[in-house]
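Visitor: sequence and predicted model, in that order:
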Amino acid sequence: MPEKSKRDEWIKITLSAPPELVDPLSNFIIEIGTQGVFQEESAPDILNDFSKSTEREDLMAYFPSDTTTENRIASLKAYIDSLSEIFPELDKPVLSIETITDPNWEEQWKKYFKPLRISKNIVVKPTWERYTPTGRDIVIEIDPGMAFGTGQHPSTRMCVKAIEDILLKDRSFEKWRVLDVGTGTGILGISCAKLGAQKVVCLDIDPKAVEIAHKNTAINRVEDRINIFNEDVLMYDDIFNLIVANLTAKTLIKLRDHLISMTETGGYLVLSGIIDQDRKVVEECFLTDDVHLHSVITEKEWVCYLLKKTGKRN
């Protein structure tokens, strides 16, 4: 029997941590390249009434086993140590690592992904679940595969709320042209199309994400309004009246000039994937005489900015 290739091996990490540290840990795990994060609440430790924090939550994530594994794990251990120094009153997160073969990734996702209302009008439904829409429900069907974006993460939900607020209320533009940067499953681009945008361009540097976004676009029957490209946004140039970028603060700051240059005067920028501690640097970078704050959405430690390019401060 042939030996299993390295491509079949995955590194599964499990982090047991106080709830206060779950969001920063999730964000860091995503930044170092995980293919997805699951979250479960651990049973409270009722036998120890005197511990600093008896409630813990479990985070699970997978990395492909390759030459970067050692550096990723080392970075995660260093980040855990730094969190423990910053928050000495909280129990230190406990990390366990397991090498597994053929994790049957898509089946793992299915256990945790159920129909979920993520905004006033939008319900995200996995393709294998049933859901009967009521009232004005807009149902988006998603098969996540190994791409990011199921609506279960606060940064994605806040983006959808911001998009909904703009596309359903603002009549500044007769036809909305939207750019979705780092599209993942395509959930944000599909949301824009279903909320009435006439043209949506979705970009991702991950070819697997592009493949999954194409599949989800077809499932939701919005191929006529969405174009998906495996391309770096820095290599793309066009003008849009709404740009959505659910990335990280570091990446958003790197892309700042290009994103603003592609935003039409009177148009909007939705910036998400930002944790609370990065608010100041993001605001200092993006808020100028030409770009002002329209609104801010927060959930737990996550922040989403809705910015408007005016050409002058209101």
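Guide: Arrived safely, thanks for sending. Residues are numbered from 1 along each chain as shown.
Visitor: which stretches of the chain form helices?
Guide: Counting by DSSP state H, the chain has helices at residues 22-31, 69-86, 105-112, 154-169, 187-194, 207-219, 249-261, 279-286.
Visitor: quick one: which of these is nearest Met60?
Guide: Nearest of these to Met60, taken as C-beta to C-beta: helix 105-112 at 8.6 Å. C-beta: built from backbone N, CA, C; applies to glycine.
Visitor: which residues in the stretch 201-314 of the chain form strands?
Guide: 226-229, 240-246, 263-275, 291-299, 302-309 (DSSP state E, counting those that start in this stretch).
Visitor: tell me which strands the shortest one pairs with, and in which orientation.
Guide: When you say that, I think you mean strand 226-229. With DSSP bridges as the test, strand 226-229 is paired with strand 199-203 (parallel).
Visitor: could you give the separation of the partner strand from the chain centroid?
Guide: 17 Å (C-alpha atoms, centre = their mean, to the nearest Å).
Visitor: residues contacting it, please?
Guide: Contacts with strand 199-203, where a contact means C-beta atoms under 8 Å, 6 or more residues apart in numbering, come from 175-183, 186, 189, 192-193, 213, 222, 225-229, 231-233, 236, 238, 240.
Visitor: if we can go back for a sec, okay, the strands of the stretch 201-314 of the chain in TSV with distance to Leu15 and mean neighbour count next?
Guide: Output for the strands of the stretch 201-314 of the chain, formatted as TSV (distance: least, C-beta to C-beta, whole Å; neighbours: other C-beta atoms under 10 Å):
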stretch	distance to Leu15	mean neighbour count
strand 226-229	33	19
strand 240-246	23	25
strand 263-275	17	22
strand 291-299	20	16
strand 302-309	18	23
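Visitor: would you reformat the ones you listed as TSV and include distance to Thr69 and mean pLDDT?
Guide: Formatted as TSV, the strands of the stretch 201-314 of the chain follow (distance: least, C-beta to C-beta, whole Å; pLDDT from 0 to 100):
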stretch	distance to Thr69	mean pLDDT
strand 226-229	30	97
strand 240-246	26	96
strand 263-275	24	94
strand 291-299	31	95
strand 302-309	28	95
